[in-house]
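Visitor: how would this look folded up:
(2 chains)
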Amino acid sequence: MKRSSDDRRFRLGTGAFAALVLLIVVGIAIELTRQSTLSIAKFGLKFWTTSTWDPVSGMFGALPFIWGTLYSSVLALLVAAPVALGIAIFISELSPRLLKQPLAYLTELLAAIPSIVYGLWGMFVLVPLVRKFEIAMGAKPALGVGMLAGALILAVMVIPFTSSVAREILKNVPSTQREAAYALGATRWEAIKVAIGFGKSGIIGAVMLGFGRALGETIAVTMVIGNAPQVTASLFKPQYTMAAVIANEFSEAADELYLHALIEIGLLLFIITIVVNILSRLLIWSMKRRVAAPAVTQLLAEEVPV
Amino acid sequence: MTANLRRRKLVSHIFEVLCGLAVVVALIPLAMILFYVIKEGAGSLNLDFFTHMPKPVGEAGGGMANAIVGTLILIGIAAAFAVPIGCLCGIHLAEYPGKFSSAVRFAADVLNGVPSIVIGIFAYGLVVLPVKRFSALAGGVALGMLMIPIVVRTTEELLLLVPGGLREGALALGATRSRSVFSVIVPAALPGILTGILVALARVAGETAPLLFTALNNAYWSTSLSQPIASLTVQVYTYANSPYDDWHRQAWAGAFLLVMMILTLSIAARLAVRRLERMNRS
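Guide: Sure, this is the predicted structure:
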């Protein structure tokens, strides 16, 4: 039976490469843990709850970075989620047929622009605008760089991810849902609300996917957030994020403890983004399963806008 | 019309307008970014930019020849191992749906969501730490790992777009599974897969964070895989953070080059995918 042995070889051969992808994810977790043992052993939980970051005396507390990452991402999503949802609704429900494709393409183009270009634009265009706004608001000192600039640039960057998944979700809501609403005398917006209600879990998943993106975004944020570790709710003060501190200090980390502290931040970032990502996938997936659409894979691939 | 209905219609109109506004709100930054990149970048782009090395501070002119070559080398290394892994993995997912494939698909999606800076740390641990030296190879490995999930999903996606009749025809003629994949299905999807790979390349060519502590940077001409190497993105980052106007101009020129490259590739990919979809429908 040459044929069946050939088939088996093919299956195992390609399967080995598929297994490699699984291995990489597991490998990242193991490697990051292994490389941060010194700091885990020395500081334990205090690492996450204290604010002193002093490489010279070997004291490391990562609270300001965690704060900066979470705060900037939440602010970004507060701006991005309604806009992204509006885009998704407009393209899938309201827009003339002729405009659908071009609009979808243009909004996804936002995802294709490299982070460094966002950063450059942020530094030389957005930050001066924010500074003007801060002066108008009477903030002192009005630096321009800071949480507001960071959150705004993050918002723009995550809009395409959230909107393309949300659009896909709305596309998958059975049209009978809307038709039933119309039959009951609903206005256009009321019918859309029914569709959103049906796709609720998937849309929450889409927003979480954007959140995951915002958490890990590095260069653009590093260039505009000011890079000053402090825990403050102020929108105008410069702050710092987990990804930014790794980007800035990693190649200069002279001693091993310092390096391990930075890698431990990376480990936490990895864990948070993985959890957020898995939750969002499960939500999107559960929504998809409910409609039992034939092309399950299509949706999940959608946030890689080609 | 009752007052209630009038109110409901009004609410509906207001929200419809708001949704349209959301599109405008998102397109404003896109237009602004493209405008500034072209305005500031196109003017600074000249032949010297492609052929000259960076000049020291204070000397006008100079270019990013070493960084352009560096980026090409880095994405070359990335493609060299991400493309075979990604494509074969994608083939497996398309050919053998099941529990294992679902798990791998899930892992690929999760990997796609892992911040690029974390991938950078992983590459640092794998390649830099054992030899205690930053290298082009480490940067390439980091970029490759970022490419893999994109290549996997694009390949799978496009293979599934190939009309089922082609596969059945090949199998009916007595072809083995691998024969039908490599001689019939993959060739049918090839233009799409290739452009998908190009888009993935363009995407990782725009990455900065994972290169900062793997490939590092290099002010000199270097093509060695075991030495630190310059890249467009890290060079733009360095120049942007400098206080010199001339370097800022160079940074914009670099950004312009990156954006043009990505726009061209993503438009090409659009066209290829659309062609494949049309073929599938007919």
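
Visitor: okay, now the unreliable bits of the stretch 1-150 of chain B?
Guide: Residue ranges of the stretch 1-150 of chain B with pLDDT under 70: B:1.

Visitor: for it, just list every one of the helices.
Guide: Ranges of helices in the stretch 1-150 of chain B, per DSSP state H, counting those that start in this stretch, are B:3-36, B:47-51, B:65-95, B:99-113, B:116-123, B:129-131, B:136-161.

Visitor: could I get those helices as a markdown table with mean neighbour count and distance to B:Q235?
Guide: No exception for glycine: its C-beta is placed from N, CA and C like everyone else's. What follows is the helices of the stretch 1-150 of chain B, written out as a markdown table (neighbours: other C-beta atoms under 10 Å in any protein chain shown; distance: least, C-beta to C-beta, whole Å):
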| stretch | mean neighbour count | distance to B:Q235 |
| --- | --- | --- |
| helix B:3-36 | 15 | 19 |
| helix B:47-51 | 14 | 11 |
| helix B:65-95 | 23 | 4 |
| helix B:99-113 | 19 | 26 |
| helix B:116-123 | 28 | 17 |
| helix B:129-131 | 11 | 24 |
| helix B:136-161 | 26 | 13 |
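
Visitor: now render those helices as JSON lines, adding distance to chain A.
Guide: Shown next, in JSON lines, are these (distance: least, C-beta to the nearest C-beta, whole Å):
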{"stretch": "helix B:3-36", "distance to chain A": "3"}
{"stretch": "helix B:47-51", "distance to chain A": "16"}
{"stretch": "helix B:65-95", "distance to chain A": "4"}
{"stretch": "helix B:99-113", "distance to chain A": "4"}
{"stretch": "helix B:116-123", "distance to chain A": "5"}
{"stretch": "helix B:129-131", "distance to chain A": "8"}
{"stretch": "helix B:136-161", "distance to chain A": "5"}
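
Visitor: as CSV, the ones you listed with distance to A:A142 would be great.
Guide: Output for the helices of the stretch 1-150 of chain B, formatted as CSV (distance: least, C-beta to C-beta, whole Å):
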stretch, distance to A:A142
helix B:3-36, 21
helix B:47-51, 35
helix B:65-95, 35
helix B:99-113, 36
helix B:116-123, 30
helix B:129-131, 43
helix B:136-161, 37
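
Visitor: which one of those helices lies closest to A:L63?
Guide: helix B:116-123 (19.3 Å; C-beta to C-beta).

Visitor: and B:L276, what's its pLDDT?
Guide: Listed pLDDT for B:L276 reads 70.

Visitor: buried residues in the helix or strand harbouring it, which are they?
Guide: Taking DSSP states H and E as the criterion, B:L276 maps to helix B:245-281. Neighbour counts over helix B:245-281 (16 or more other C-beta atoms under 10 Å in any protein chain shown) mark B:246-259, B:261-262, B:265-266, B:268-270, B:272-273, B:276 as buried.

Visitor: next: stretch A:136-145.
Guide: Using 16+ other C-beta under 10 Å as the burial criterion, the residues of stretch A:136-145 that qualify are A:139, A:142-145.

Visitor: and those, which two are furthest apart?
Guide: Farthest-apart pair in those is A:A139 and A:V145; separation 12.3 Å (C-beta to C-beta).

Visitor: which one is residue 127 nearest to, not counting chain neighbours?
Guide: Since you didn't name a chain, this refers to chain A. Once flanking residues are discounted, A:V127 sits nearest to A:G144: 4.0 Å by C-beta to C-beta, 6 or more residues apart in numbering or on different chains.

Visitor: hm, I was asking about chain B
Guide: B:A138 (3.8 Å).

Visitor: select the helix or strand of chain A having the lowest average pLDDT value.
Guide: helix A:296-301 (a mean of 46; mean pLDDT, DSSP states H and E).

Visitor: how much space separates the residue lying closest to B:I73 once chain neighbours are set aside from B:A142?
Guide: Take B:I73 and drop its neighbours on the chain: the residue closest to it by C-beta to C-beta, 6+ apart is B:A136, 5.8 Å away. Distance, B:A136 to B:A142, by C-beta to C-beta, to the nearest Å: 11 Å.

Visitor: repeat for B:V199
Guide: The gap separating B:V199 from B:A142 is 18 Å, by C-beta to C-beta.

Visitor: what does B:I197 give?
Guide: 18 Å.

Visitor: now swap in B:S116 and tell me
Guide: Taking C-beta to C-beta, one finds B:S116 at 8 Å from B:A142.

Visitor: got it, and A:I159?
Guide: The value you get for A:I159 to B:A142, if C-beta to C-beta is used, is 26 Å.

Visitor: what do you get for A:V245?
Guide: Applying C-beta to C-beta to A:V245 and B:A142 gives a distance of 19 Å.

Visitor: give me the phi and psi for A:F60.
Guide: phi -130, psi 120 (degrees, to the nearest 10).

Visitor: run through the bridge partners of it.
Guide: Taking DSSP bridges as the rule, A:F60 bridges to A:W53.

Visitor: list the residues that contact it.
Guide: Going by C-beta atoms under 8 Å, 6 or more residues apart in numbering or on different chains, A:F60 touches A:39, A:43, A:47, A:52-54, A:257-258, A:261.

Visitor: what's the angle from the helix holding B:L276 to helix B:3-36?
Guide: Angle of helix B:245-281 versus helix B:3-36, following axes from the mean of the first three to the mean of the last three C-alpha atoms, to 10 degrees, is 120 degrees.

Visitor: run through the neighbouring helices and strands of helix B:245-281.
Guide: helix A:97-112, helix A:115-121, helix B:47-51, helix B:136-161, helix B:186-205, helix B:232-240 (3 or more C-beta pairs under 8 Å, 6 or more residues apart in numbering or on different chains; DSSP states H and E).

Visitor: redo that, cut-off 10 Å
Guide: helix A:97-112, helix A:115-121, helix B:3-36, helix B:47-51, helix B:65-95, helix B:136-161, helix B:186-205, helix B:232-240 (3 or more C-beta pairs under 10 Å, 6 or more residues apart in numbering or on different chains; DSSP states H and E).

Visitor: reformat these as a markdown table; add distance to A:S286.
Guide: As requested, those are exported to a markdown table (distance: least, C-beta to C-beta, whole Å):
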| stretch | distance to A:S286 |
| --- | --- |
| helix A:97-112 | 24 |
| helix A:115-121 | 31 |
| helix B:3-36 | 26 |
| helix B:47-51 | 51 |
| helix B:65-95 | 21 |
| helix B:136-161 | 20 |
| helix B:186-205 | 28 |
| helix B:232-240 | 38 |
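
Visitor: closest one to A:E252 among those?
Guide: helix B:232-240 (14.1 Å).

Visitor: chain center to that closest one, what's the gap?
Guide: On the basis of C-alpha atoms, centre = their mean, to the nearest Å, helix B:232-240 is displaced by 18 Å from the centre of the chain it belongs to.

Visitor: which neighbours do B:A136 and B:A142 share?
Guide: B:74, B:77, B:211, B:214-215 (C-beta atoms under 10 Å, 6 or more residues apart in numbering or on different chains).

Visitor: and the pLDDT for the residue nearest the centre of chain B?
Guide: The structure's chain B has its C-alpha centroid closest to B:R203; by C-alpha atoms, centre = their mean the separation is 1.5 Å. Note for B:R203: predicted pLDDT of 87.

Visitor: for A:L262, give me its contacts.
Guide: By C-beta under 10 Å, 6+ apart, the contact set of A:L262 is A:35-36, A:39, A:55, A:60, A:62, A:65, A:242, A:245-250, A:252-253, B:121, B:213.
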